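let's see this in three dimensions:
(one chain, ligands or ions: 2)
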Amino acid sequence: MIVVMKPDATEEEINEVEEKLIDLGFSVHFSQGVDYTTLGAIGDKSGVDPRELEILNEGVAKVTEISEPYKLAGRNFHPADSVIEVGDVKIGGEEPVTMAGPCAIESREQVETIAEYVSDHGASILRGGAFKPRTSPYSFQGLGEEGLKYMRKAADNNDLKMVTEVMGKSQVGLVSSYADILQIGSRNMQNYNLLREVGKTDRPVLIKRGFSSTVKEFLMAAEYVMSEGNEKVILCERGIRTFSDETRFTLDLSVVPVIKDESHLPIIIDPSHSTGVRDKVIPMARAGIAAGADGMIVEVHHEPENAKSDGPQSLRPPQFAALMDQVKQINETLTREPVKA
Ligand code: PEP
Ligand code: MN
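Residues are numbered from 1 along each chain as shown. Ligands and ions are numbered 1, 2, ... in the order given. Down below sits the predicted model:
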């Protein structure tokens, strides 16, 4: 942490800041510029609130944090990319990974039909919700454990792994007994009790970015899971709220290279929930892969007009096939590595 004092800061004010930093457990390094005195706080004290110093006295001009609060999720202490292995599927490796399937598990037949199609066309992980976080309590809430059973069977029958959402702490045991990857939904990204609970399991965790969350908050959610000992975290950018209202959310693709700088964890994109409309999904999926995402999670339905949730944003099977073909071409053509200046 660095504290910059105003040019007219008094000696008493500077001393007060120094004493406060020492009290907080830092050692202090002074540097004197032409106008400004700067106090560098040295020490690993991640719990300190910079505002305590900002409001200490009138002489303080600015407080800047220099070390990142996400020690486990951050790249500083873990420079190499993390590759999360789910059986023989590698997330964060050279090939982008595709998770595909319906928004919600609706019936045995529905999930079998979709699983077979997405598997035949290159997906390696089946997505689908058995517990659904719906905006209205009167909307379809998912089939619960019955849905998990249908999904597990459809995944196994079609050589797929499965990812599904766990909405509450009490469901973690049940969902872990069926799923290969536990999904934390956007609305639960800052549910710290839930994050800690999935952090106690050995299942990889897919964290969807809260739609009003900053990158720092997103990475701190990963940090919660990792702080319990589970380092297998996959991040997912799924769109944030902005003033742009032509699509359901705004897919913030710029976080892909930002997260790649800040963190060693893989990041995938969700072009379905971010756009909310079928014909916008493919262009944004292409863009996400080109931006360097490690994969995508896409909604696909064989009869989207009859889907119980998110039909309008679910790709029809031939669209999914086309998307997979295009992603393959992008991956073969582009270098996804950033070019450093
Ligand atoms: C989902 O992927 O099923 C979902 C509900 O997404 P989100 O949490 O991003 O809204
Ligand atoms: Mn959905």
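
which bits of the chain sit near ligand 2?
Cys103, Asp310 (C-beta under 5 Å from the ion). C-beta here means a position set from N, CA and C on the backbone, and glycine is covered the same way.

let's see it at 6 Å
Counting by C-beta under 6 Å from the ion, the chain comes close to ligand 2 at Cys103, His273, Glu299, Ser309, Asp310.

am I right that Lys260 falls within a helix?
Yes: the assignment for Lys260 (DSSP: H, G, I helix; E, B strand; the rest coil) places it in a helix.

quick one: it and ligand 2, what's the gap?
26 Å (C-beta to the ion, to the nearest Å).

before we move on, what about Lys62?
43 Å.

and that residue, what element?
strand 60-64 (DSSP states H and E).

top of the residues of the chain next to ligand 2 by neighbour count?
Neighbour counts for these, by other C-beta atoms under 10 Å, peak at Glu299, which reaches 29 neighbours.

touching ligand 1 at all, the helix or strand containing that residue?
Remark: Glu299 resides in strand 295-299, with elements defined by DSSP H and E. No: for a cut-off given as C-beta under 6 Å from any ligand atom, strand 295-299 has no contacts with ligand 1; the smallest distance is 6.5 Å.

mind listing what's buried along the next helix or strand after that strand?
Following strand 295-299 in sequence order, the next helix or strand is helix 317-333 (DSSP H and E). Neighbour-count burial for helix 317-333, with 16 or more other C-beta atoms under 10 Å as criterion, is recorded at Pro317, Gln319, Phe320, Ala321, Leu323, Met324, Val327, Ile330.

gap between the closest residue to Arg248 other than its chain neighbours and Thr250?
Nearest non-adjacent residue to Arg248, counting by C-beta to C-beta, 6 or more residues apart in numbering: Gly276, 2.7 Å away. Separation of Gly276 from Thr250 (C-beta to C-beta, to the nearest Å): 11 Å.

and the strands in this structure, which stretches?
For the chain, the strands defined by DSSP state E cover 2-5, 27-32, 37-42, 60-64, 84-86, 89-91, 97-101, 125-127, 161-165, 181-184, 205-208, 233-237, 267-269, 295-299.

how about those strands in TSV, adding mean pLDDT?
Output for the strands of the chain, formatted as TSV (pLDDT from 0 to 100):
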stretch	mean pLDDT
strand 2-5	93
strand 27-32	88
strand 37-42	90
strand 60-64	93
strand 84-86	98
strand 89-91	98
strand 97-101	98
strand 125-127	98
strand 161-165	98
strand 181-184	98
strand 205-208	99
strand 233-237	98
strand 267-269	98
strand 295-299	98
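
returning to what we had before: which other helices and strands does the strand holding Lys62 contact?
For strand 60-64, the elements it packs on are strand 2-5, helix 51-54, judged by 3 or more C-beta pairs under 8 Å, 6 or more residues apart in numbering; DSSP states H and E.

for the ones you listed, which one ends up most surrounded?
strand 2-5 (a mean of 20; mean count of other C-beta atoms under 10 Å).

tell me the strands beside it, with direction?
strand 37-42 (antiparallel), strand 60-64 (antiparallel) (DSSP bridges).

and whichever residue of the stretch 1-150 of the chain sits closest to ligand 1, what are its bridge partners?
The stretch 1-150 of the chain approaches ligand 1 most closely through Gly129 (4.6 Å), counting by C-beta to the nearest ligand atom. Taking DSSP bridges, one finds Ala104 as the beta-bridge partners of Gly129.

wait, it sits on Cys103?
Yes: using C-beta atoms under 8 Å, Gly129 is in contact with Cys103, at 6.4 Å.
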